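Undergrad: 3D model of this:
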Amino acid sequence: MIRHGNNHSHQSLFPSSKVPNVQVTAVRDLVAMKKGLKAYETPTGWKYFGNLMDDGRIALCGEESFGTGSIQIREKDGIWALLAWLQILAVKRKSVEEIVKEHWAEYGRNVFTRYDYENVESRGANLLMTFLEASMNASKGKELSANGVTYKVAHTDNFEYTDPCG
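TA: Numbering: from 1, shown residues only. From the prediction side, this is the model:
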C-alpha cells in the first residue's frame, strides 16, 4: 500500500486523502477508513488525479497497474512507487514479505477482477452489460469459489463519476 509511504514525520506534506482508479480493490477504502482519510474513486485517467491534486484534495494517487504519483512527483511509470517502497523499507526495517503479511493480517486480502473487451460487437456487449447490471444486486452476499478458495461478494456497483472539483 502506497499509504505506508506517508511517514509520520512527513505528515504535513500530504493532504489527508488518496485516490485510486476504478479497478482498485476495497483495500483502499478499508485503509482510508481506519486512518480517517477521505478516498476518491475516479475514472481511469491521470487527468482526474491531476484535478484532485491541483485542488488540494489529494497528495497520492495510484492505479491497478501500479502507476502511482504524488504532489512531489507526477509520473506513473514506477519512479515514485520505487521511491515510496524504498522509504517504507528504510523506515520499517522489514522485508517486503513481512510488510505485506502484516498488511494482510490487519486489513485482510482483497482481490479485484478486471476484464478488457476489445473489438466486440455492440449487440453482444450491450447484452453482457444488461445481464451484469441485472445480476449485480443478486450477487451481493453470494459465496463464490475458485481454486479451492471461497469468497463472499461484499459490494457490486455500476461506476458513476462526478468531478468534485467542478
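Undergrad: Can you give me the neighbour number for Ser70?
TA: 23 (other C-beta atoms under 10 Å). From N, CA and C alone the C-beta is placed, and that goes for glycine too.
Undergrad: What distance do you get for it to Val149?
TA: Separation of Ser70 from Val149 (C-beta to C-beta, to the nearest Å) stands at 34 Å.
Undergrad: confidence score at the most far-flung residue of the chain relative to its centre?
TA: For the chain, the residue at maximal distance from the C-alpha centroid (C-alpha atoms, centre = their mean) is Arg123, at 31.0 Å. Looking at Arg123, its pLDDT stands at 88.
Undergrad: Which helix or strand contains it?
TA: Using DSSP states H and E, Arg123 sits in helix 122-139.
Undergrad: if we look at that helix, which residues are touching it?
TA: Tyr117, Val153, Thr156, Asp157, Asn158 (C-beta atoms under 8 Å, 6 or more residues apart in numbering).
Undergrad: and the two most separated of the residues you listed?
TA: Using C-beta to C-beta, these span at most 21.2 Å, a distance reached by Tyr117 and Val153.
Undergrad: Of these two, which one has the most company?
TA: Val153 (13 against 9).
Undergrad: My understanding was that the more buried one contacts Gly141; is that so?
TA: Yes. Between Val153 and Gly141 there is a contact at 6.4 Å, judged by C-beta atoms under 8 Å.
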